[in-house]
Structure formats: structure tokens, C-alpha cells
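Need coordinates for the following:
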Amino acid sequence: MDQVVNLIFHNQCLRSYIEVDLCAICPRQDEKGCCALYSPVFYPTDFAYLLLHRRSLIDKIFQLDHPTVLDASVTANHDIDGESFLCAFHSRESGCLLPQEFRESICRHFVCSGIGWWQEESLQHWHHFFESLTDYEIELNNRISAELAELGLSLRNPGSRQDFFSALLPIYQREIASKPAFFHDVPEIESVKLVRPLRFGKDWEL
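Predicted structure coming up:
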């Protein structure tokens, strides 16, 4: 059975993401799809964006039942759910509870292997863009984390988290003031249609 899959690529610099309409009818048919396999990890660039646009979500992340809090990142650990897991931000009825720009990078960029858009010659500009973005974001988070560590700030200490976030924002804004060239290599938005053969259940590759 072939299915037309609609993808929309969004170039929003660090908050870029990919929309996929197939997610709403995930061929895995388990009401969880890729969200059954991954625990979101929020890094300094994510926290800085949330400080600017939705501070309350940071509080929610720290109020989860069993997050893993490290010096400069927080993992929203998933819960055991039958034979797999369930993300803390996943709803069986509506999927991810977070708007895409508020998700961490893997959840913004991920598209299942069953679609495999990166194999298309016509989409290599987006393939290069998201590979470059991943590398840039890792380097940026590492630089910001190192600078916060030099200031003696860590998310592990609840009493100094406000100091961590107060120091984070100006560092983040300074770092993103100069944008790398690859941000200009793709349009702000591009919609594409791909035809893919569907397989169901665990036969559908994530």
C-alpha cells in the first residue's frame, strides 16, 4: 500500500524543525510510535529559548517524576508502558504535547526511516542543513556549558538554578548574534510530497 507523505521543512535557525503528516496515522499502530523509544534531553540552547518564550515549561521539566539532572542538561526520562516506554510529553490522543519549536533537537528533526526523505536527491540541501545544524547545536551547547561551568553554575543544585538561568541568557544571546552561513542555504519553509510503501506494526522502521 502506497501513501503520499507530506513534509514541511522549517528553517527557523536553531529552532528549525520538520513537520510530517504521517505521524498522525503512525504505521506502528501502537499509539506511541517513535515516542516509545526516546527520552527528550533539554540543553542550554533549549532552556534559553524557553526562558524567552515559555518559562513555565522549564518549571514543568524539573517537576517531572524522575528527570536526570546533570550540570547543564535535563533528561525527561520516559515511563515503562507495557513492553515499551512512553514519553512524559506524549498523549495517546494527540501525540506530542509540546509545539514543535519548544521541543529539543531530536524531537524537532526526527523523521522515521520508513520515510527516509534524506535519500532523495532533490532534498540534499535540507539533508546538509540538518546535519550542519546538529553539529552547530552540539558545539554551541558545549561552549555555553563550559562557560557556565567556569562560573561555578550547575543545574544539579536547585538553590542556584536561578543563577544558572540568569547567566545563561546573555551568553546565549551573545553566541547566536552571529549566524553561521548554512542558515542561508535553504528557504524559510519548503513543502514536499513523497510516495512511500507502508508497512504496519514493528515492520515499519523507526
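
Show me what the longest helix that the chain contains is packed up against.
Criterion DSSP state H: the longest helix present in the chain is helix 124-150. Applying 3 or more C-beta pairs under 8 Å, 6 or more residues apart in numbering; DSSP states H and E, one finds that helix 124-150 contacts helix 44-53, helix 105-109, helix 161-175. (Glycine included, C-beta is placed from N, CA and C.)

right, so of the ones you listed, which gets closest to Glu205?
Across the helices and strands packed on helix 124-150, Glu205 has its closest neighbour in helix 105-109 (16.6 Å, C-beta to C-beta).

sorry, back to before: which positions in the longest helix of the chain come out as buried?
Within helix 124-150, the residues that count as buried by 16 or more other C-beta atoms under 10 Å are Trp126, Phe129, Phe130, Leu133, Tyr136, Glu137, Leu140, Asn141, Ile144, Ser145, Glu147, Leu148.

Might one say that the fifth one is in contact with Pro180?
Yes. Counting by C-beta atoms under 8 Å, Tyr136 touches Pro180, with 5.8 Å between them.

and Leu194, that one's in a strand?
Yes. Per DSSP: H, G, I helix; E, B strand; the rest coil, Leu194 lies within a strand segment.

Skip the chain neighbours and tell me the closest residue to it.
Val5 (4.8 Å; C-beta to C-beta, 6 or more residues apart in numbering).

tell me the secondary structure for the one you found?
Assignment for Val5 (three-state DSSP): strand.

I'd say it and Asp21 touch.
Yes. Val5 lies in contact with Asp21 (C-beta under 8 Å); the separation is 6.8 Å.

So for those two, which sits in the more crowded spot?
The neighbour comparison of Val5 against Asp21 (other C-beta atoms under 10 Å) goes to Val5, with 19 against 13.

Phe102 versus that one, what's the distance?
Val5 sits 24 Å away from Phe102, going by C-beta to C-beta, to the nearest Å.

returning to that earlier point: same list (the buried residues of helix 124-150) but as JSON lines, adding pLDDT.
Below are the buried residues of helix 124-150 laid out as JSON lines (pLDDT from 0 to 100):
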{"residue": "Trp126", "pLDDT": "98"}
{"residue": "Phe129", "pLDDT": "98"}
{"residue": "Phe130", "pLDDT": "98"}
{"residue": "Leu133", "pLDDT": "98"}
{"residue": "Tyr136", "pLDDT": "98"}
{"residue": "Glu137", "pLDDT": "98"}
{"residue": "Leu140", "pLDDT": "98"}
{"residue": "Asn141", "pLDDT": "98"}
{"residue": "Ile144", "pLDDT": "98"}
{"residue": "Ser145", "pLDDT": "98"}
{"residue": "Glu147", "pLDDT": "98"}
{"residue": "Leu148", "pLDDT": "98"}
